[in-house]
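S.K.: missing the sequence, but the structure's below:
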């Protein structure tokens with residue numbers, strides 16, 4: 001993508017020349033000038049001009065060679081040490097900066113600042129390093145590094161802002177591990193471009209401000225007794241920020257601190273970490289990243305994940321994690337997390353990308369491993385292979401996940417996940433996606449409850465114009481515990497497409513809400529203009545199930561499926577899959593509910609103008625356990641067409657409710673099959689397609705009811721009620737005209753029991769070309 005390349009090129013221009021260390025040299029611009037006394041490796045800084053609680057220093061040069069120390073010998077009553085560099089040389093700092101008392105230290109050098117591997121801070125107040133031209137104060141006074149004035153009286157007011165020029169210098173942190181302030185204090189780097197090359201910036205339970213600003217002011221404010229930058233100010237001119245080589249920005253602590261990263265193009269990669277982890281009983285602060293053009297979070301090394309996280313591991317609530325940008329990229333071994341891994345409430349995770357969001361995983365095979373671990377109860381809350389995560393692990397409710405963008409793409413095994421773990425009554429977060437288009441390719445969007453958990457799952461909501469789920473993707477909110485599964489709601493004004501099960505995949509492409517525990521399964525609701533399901537695309541709400549050829553014969557009540565498609569529902573195609581990977585061997589396209597357990601299956605309802613099933617497309621409700629099958633209801637204001645058989649395997653296109661499934665003979669159904677009801681002006685079943693109510697076990701078959709102006713069976717089309725041991729199903733037809741043409745049939749068939757009845761009420765009936773209506777017992 002062009003924007004990725006341009007971002008990398010722009011960041012590449014941040015590098016400054018190798019440092020040439022000078023020394024600390026005062027200038028003569030203050031009423032009382034600064035004094036520097038070298039002694040061994042220490043530069044003691046005295047003098048300067050004091051005004052109220054402010055101590056002003058001014059230097060022509062300010063650099064610290066390796067293993068040297070700059071000691072500000074200030075009075076302990078000083079609140080703010082205000083320091084400027086006026087000589088036009090970059091400050092190369094590779095030693096220790098120390099001050100007395102609790103003073104905050106402000107250092108501005110418009111030409112640039114480099115912190116080397118040995119740079120350290122030993123101050124008890126906050127630290128701000130900036131390439132601003134000046135520091136602004138509340139009485140309109142500016143302490144300027146580009147226009148120093150021999151001011152007779154300096155201000156007693158506190159600093160309120162920084163003024164960045166048209167070409168501010170860069171700030172670089174190179175492998176430094178010592179840029180740390182005391183707990184509850186702030187460290188701020190505000191300059192042109194910012195580059196953290198393996199460096200660490202740390203403020204335990206405090207604030208970290210990383211700002212790249214050009215030709216604009218930034219305001220300094222106090223929040224909760226901590227200094228920070230005002231994020232609400234209207235700044236439009238930003239520079240670039242890059243964190244690489246395992247750089248760390250860490251504000252974690254007893255109460256998680258806050259981090260703000262504001263720039264134009266922001267890149268966090270190569271195992272870098274941005275952390276505001278709440279580790280104790282105090283609430284966490286927020287982690288905010290705002291890139292006016294783009295934000296990239298990327299990783300390529302499986303042993304070095306790039307992490308942006310506002311988790312809580314303590315009893316305090318976690319902070320919110322928010323990314324706001326034009327284009328957002330999350331790629332490879334990288335993840336964002338706002339999870340509850342302790343007992344505190346989790347924060348919210350929000351992505352707003354006005355021009356698009358692209359989530360790229362580390363391969364579809366990792367998705368299969370991830371899902372297998374979920375179903376087998378082997379997934380741990382700390383397992384985050386790459387993606388977006390809002391996890392609750394130990395009882396407190398999770399936050400919600402929200403993605404708002406023009407277009408959202410998930411591909412190559414990307415994961416968006418918000419589950420509940422543990423045995424407490426926690427509630428997992430909701431996943432809310434709002435976009436013009438959503439394209440999920442070989443990836444996962446889901447929440448749910450883990451094996452043994454008691455909490456309820458959150459919901460998955462997608463609002464878009466167009467939604468595509470394909471190539472092995474899964475959208476789901478299953479429950480493996482005693483809590484209720486979440487609902488899935490997809491509203492797409494144009495279309496929803498579910499397609500292309502992969503031949504070697506262990507599960508079909510689809511939307512699933514299975515219950516594998518004792519909790520009730522969530523419902524699935526789709527509201528769209530057109531629903532398109534093809535090449536093995538599936539929508540399922542099951543109690544129990546079959547995954548990777550393994551039976552799960554336990555589950556709570558199955559959820560319902562409701563599909564409302566303003567224009568049409570189109571189901572077509574079947575896919576041959578490896579019998580070693582999927583039990584059935586062939587996956588047909590369509591929605592269905594099945595119970596594999598003693599709990600009832602959910603109902604399935606479709607309302608549309610036109611319903612068309614071709615090439616083996618199917619709609620079904622079934623039981624293969626002791627629970628009853630669900631009711632299948634079709635309401636089509638114009639027509640229902642069920643046509644032909646699949647090119648793969650010759651599976652008839654069909655509408656079916658069943659007790660037992662012929663493709664799963666290993667399980668003997670004891671529950672009754674549901675009823676099948678169709679209401680439409682025109683019903684057509686042709687070319688070997690079928691409508692069936694049947695029982696292959698000991699349960700009863702349901703009733704097939706059709707209310708239509710015209711019913712037409714042609715070229716081997718059939719309506720069937722079949723049973724082997726349970727009571728036979730009935731067929732009830734109400735129409736003005738009923739036509740059976742060319743080997744079509746209507747039949748009830750009972751092998752070892754009484755057959756069902758055929759009740760036809762029509763104005764006109766025609767059976768031609770070896771077509772039959774039969775009732776066998």
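M.R.: Here it is on my side, so go on. None of the values given here were measured: they were computed from a predicted structure.

S.K.: low-confidence ranges, this structure, go.
M.R.: Under the criterion of pLDDT under 70, the regions of the chain flagged as low confidence span 1-22, 150-153, 374-377, 422-426, 547-549, 580-584, 777.

S.K.: residue 709 touches residue 733, doesn't it?
M.R.: No. In terms of C-beta atoms under 8 Å, residue 709 does not count as a neighbour of residue 733; the distance is 12.0 Å. Bear in mind the C-beta positions are built from the backbone N, C-alpha and C, glycine included.

S.K.: what about these two, which has more around it?
M.R.: For residue 709 versus residue 733, the count of surrounding residues by other C-beta atoms under 10 Å is larger for residue 733: 22 against 13.

S.K.: measure the more buried one to residue 763 for me?
M.R.: In this structure, residue 733 lies at 12 Å from residue 763, with C-beta to C-beta, to the nearest Å as the measure.

S.K.: helices along this structure, start to end?
M.R.: 2-12, 364-375 (DSSP state H).

S.K.: quick one: contacts of the longest one?
M.R.: It stands for helix 364-375. For helix 364-375, contacts defined as C-beta atoms under 8 Å, 6 or more residues apart in numbering pick out 361, 378-379, 383, 385-386, 412-413, 415, 419, 442-444, 448, 450, 471-472, 474, 480, 502, 505-507, 516, 547-548, 552.

S.K.: now with 6 Å, please.
M.R.: Residues outside helix 364-375 that contact it (C-beta atoms under 6 Å, 6 or more residues apart in numbering) are 379, 385, 413, 442, 444, 472, 506, 547.

S.K.: what's the closest of the residues you listed to residue 114?
M.R.: Ranked by distance to residue 114 (C-beta to C-beta), the contacts of helix 364-375 are led by residue 385 at 35.9 Å.

S.K.: ok, the residue nearest to residue 502 when sequence neighbours are not counted - contacts?
M.R.: With C-beta to C-beta, 6 or more residues apart in numbering as the measure, residue 472 is the residue that lies nearest to residue 502, at 4.6 Å, once sequence neighbours are left out. For residue 472, the set of contacting residues under the criterion of C-beta under 6 Å, 6+ apart consists of 364, 442, 502, 505, 509.

S.K.: look up how far residue 472 lies from the first one.
M.R.: Spelled out, that is residue 364. 6 Å.

S.K.: cool, residue 267 as well?
M.R.: Per C-beta to C-beta, residue 267 is found 30 Å from residue 472.

S.K.: cool, and residue 688?
M.R.: From residue 688 across to residue 472, the span is 29 Å (C-beta to C-beta).

S.K.: what does residue 509 give?
M.R.: Taken as C-beta to C-beta, the span from residue 509 to residue 472 is 5 Å.

S.K.: how about residue 451?
M.R.: In this structure, residue 451 lies at 23 Å from residue 472, with C-beta to C-beta as the measure.

S.K.: repeat for residue 749
M.R.: In terms of C-beta to C-beta, residue 749 sits 38 Å off from residue 472.

S.K.: residue 769: how many residues sit nearby?
M.R.: For residue 769, the count of nearby residues is 11 (other C-beta under 10 Å).

S.K.: list the contacts for it?
M.R.: The contact partners of residue 769, by C-beta under 6 Å, 6+ apart, come to 741-742.

S.K.: 10 Å instead?
M.R.: Each residue near residue 769 by C-beta atoms under 10 Å, 6 or more residues apart in numbering is listed here: 714-715, 740-744.

S.K.: what does residue 745 give?
M.R.: Contact criterion C-beta under 10 Å, 6+ apart gives 690, 713, 716-720, 767, 770-774 as the residues in contact with residue 745.

S.K.: what bridges to it?
M.R.: Under the criterion DSSP bridges, residue 745 forms beta bridges with residue 718, residue 772.

S.K.: now stretch 55-75: buried residues?
M.R.: Judged by neighbour count using 16 or more other C-beta atoms under 10 Å, the buried positions of stretch 55-75 are 55-65, 68-72, 74.

S.K.: hang on, I meant stretch 130-145
M.R.: Within stretch 130-145, the residues that qualify as buried are 130-137, 141-145, counting by 16+ other C-beta under 10 Å.

S.K.: can you map out the strands along the stretch 401-550 of the chain?
M.R.: The residue ranges that make up the strands of the stretch 401-550 of the chain, judged by DSSP state E, counting those that start in this stretch, are 401-411, 415-420, 431-441, 444-449, 460-470, 474-476, 488-499, 510-512, 524-534, 538-540, 545-547, 550-552.

S.K.: so which of those is nearest residue 208?
M.R.: Distances from residue 208 to each of those were compared by C-beta to C-beta, and the smallest falls on strand 401-411, at 23.5 Å.

S.K.: now do the contacts for residue 742.
M.R.: Residue 742 makes contacts with 686-687, 713-717, 768-771, as judged by C-beta under 10 Å, 6+ apart.

S.K.: quick one on the thing from earlier: want to throw the contacts of residue 472 into JSON lines with neighbour count and distance to residue 78?
M.R.: Putting the contacts of residue 472 into JSON lines (neighbours: other C-beta atoms under 10 Å; distance: C-beta to C-beta, whole Å) gives the following:
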{"residue": "364", "neighbour count": "20", "distance to residue 78": "60"}
{"residue": "442", "neighbour count": "23", "distance to residue 78": "60"}
{"residue": "502", "neighbour count": "23", "distance to residue 78": "67"}
{"residue": "505", "neighbour count": "25", "distance to residue 78": "67"}
{"residue": "509", "neighbour count": "28", "distance to residue 78": "66"}
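
S.K.: go through those residues and say which is closest to residue 457.
M.R.: Using C-beta to C-beta, the shortest approach to residue 457 within the contacts of residue 472 belongs to residue 509, at 21.2 Å.

S.K.: make sure the closest one is actually in contact with residue 573.
M.R.: No. Between residue 509 and residue 573 no contact is recorded; they are 11.5 Å apart, counting by C-beta atoms under 10 Å.

S.K.: shared neighbours of the two, which are they?
M.R.: Shared contacts of residue 509 and residue 573, counting by C-beta under 10 Å, 6+ apart, come down to 499-501, 533, 535-537, 587, 589.

S.K.: are any of those buried, and which?
M.R.: When neighbours are counted using 16+ other C-beta under 10 Å, these contain these buried positions: 499-501, 533, 535-537, 587, 589.

S.K.: same list, these, but as CSV with distance to residue 23 please.
M.R.: CSV is the format used below for these (distance: C-beta to C-beta, whole Å):
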residue, distance to residue 23
499, 68
500, 67
501, 69
533, 73
535, 71
536, 72
537, 70
587, 74
589, 75
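
S.K.: which one among the residues you listed gets closest to residue 329?
M.R.: residue 500 (24.4 Å).

S.K.: I'd say that closest one and residue 440 touch.
M.R.: No. Counting by C-beta under 10 Å, residue 500 stays clear of residue 440, with 11.5 Å between them.

S.K.: need the residues touching each of these two.
M.R.: Once C-beta under 10 Å, 6+ apart is applied, the residues that residue 500 and residue 440 both contact turn out to be 468-473, 509.

S.K.: in JSON lines, list the residues you listed along with distance to residue 124.
M.R.: Conversion of the shared contacts of residue 500 and residue 440 to JSON lines gives the following (distance: C-beta to C-beta, whole Å):
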{"residue": "468", "distance to residue 124": "56"}
{"residue": "469", "distance to residue 124": "55"}
{"residue": "470", "distance to residue 124": "57"}
{"residue": "471", "distance to residue 124": "56"}
{"residue": "472", "distance to residue 124": "55"}
{"residue": "473", "distance to residue 124": "52"}
{"residue": "509", "distance to residue 124": "58"}
